[in-house]
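Enquirer: I need the structure of the sequence given here:
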Amino acid sequence: MKRMILAGLAALGLALAACGQQQQAPTSGEETPAAQAPTLNTNIGPDGAAGISTALSMDVASVRAAAPLYDVALVEDQVEGEPFMAITLSSAGEEIFRALPTADGRHIHSIVTRATQAHSPTQEVVGAARFAVAPPEQVEFCGAELVDGSPGFACSTAEDGNFWRVYKAPEGYDGPSDPFDAIDPDVLHDSVLVEMRWIAPRV
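Expert: Numbering: from 1, shown residues only. Prediction:
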């Protein structure tokens, strides 16, 4: 009799354990989601660009380590006829960011973009955003600047700001453009964002 009771209890225990296992198994709508693949960082603002936030060494290996999802390459560039080497950060064959060197060529001085894939902290996009929508506190200091040979200006929080928005005056504008204050307010409002720049910390 004792053996039958023990056998019955053992069978009951196995049945309860099986029920517990069935209850713990996830239903079809509760499976653990697959880990999301990392996404390309296309942000640029006061805190950095492409996920880079420090004055890295001006070499491909350093940039590739800091922005591993980008295709990184060393390219020839120039300013006013003076040649130098820059570093591009591209994706799917399109350049998104370009790192420019310090005067001695040892570190990154700035990272710039003219790509429509890049976004400012307020989601502004090159070629679409206008000066009229820029956050006033982020464009308190502006200076006249030639943009591809046309009148334009660059703005930041101060003269030593580390994030700059560069605007080009509307096509056909032939009025005064330097100093910045000479530009007509209506022209300012319609000026288009053509470039964004992050200035790296000094080393």
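Enquirer: drop to CA atoms for contacts and neighbour counts, all remaining ones
Expert: Will do.
Enquirer: ok, L74 touching I87?
Expert: Yes - if you go by Cα atoms under 8 Å, L74 and I87 touch, sitting 4.5 Å apart.
Enquirer: the two: who's more crowded?
Expert: Taking other Cα atoms under 10 Å, L74 and I87 do not tie; I87 has more neighbours (22 against 15).
Enquirer: joint contacts of L74 and I87?
Expert: The contact sets of L74 and I87 overlap at 59-60 (Cα atoms under 8 Å, 6 or more residues apart in numbering).
Enquirer: could you pull out the strands for this structure?
Expert: Applying DSSP state E to the chain gives strands spanning 44-45, 48-49, 71-79, 82-91, 94-101, 108-113, 141-147, 150-156, 163-168, 192-199.
Enquirer: so for L12, what pLDDT did the model give?
Expert: For L12, the pLDDT comes out at 39.
Enquirer: and D148, by the same measure?
Expert: 89.
Enquirer: endpoints of stretch 148-165, how far apart?
Expert: 15 Å (Cα to Cα, to the nearest Å).
Enquirer: now tell me what touches that stretch from outside.
Expert: Counting by Cα under 8 Å, 6+ apart, residues outside stretch 148-165 touching it are 45-46, 137-147, 166-169, 173, 177, 180, 191, 193-200.
Enquirer: out of these, which are buried?
Expert: Buried residues within the contacts of stretch 148-165, counting neighbours by 16 or more other Cα atoms under 10 Å: 45-46, 138-139, 141-147, 166-169, 177, 180, 191, 193-200.
Enquirer: quick one, which of the strands of the chain is nearest to V63?
Expert: strand 71-79 (7.2 Å; Cα to Cα).
Enquirer: neighbouring strands for the closest one, and are they parallel or not?
Expert: strand 82-91 (antiparallel) (DSSP bridges).
Enquirer: just want the angle from the strand it pairs with to strand 108-113.
Expert: 60 degrees (axes from the mean of the first three to the mean of the last three Cα atoms, to 10 degrees).
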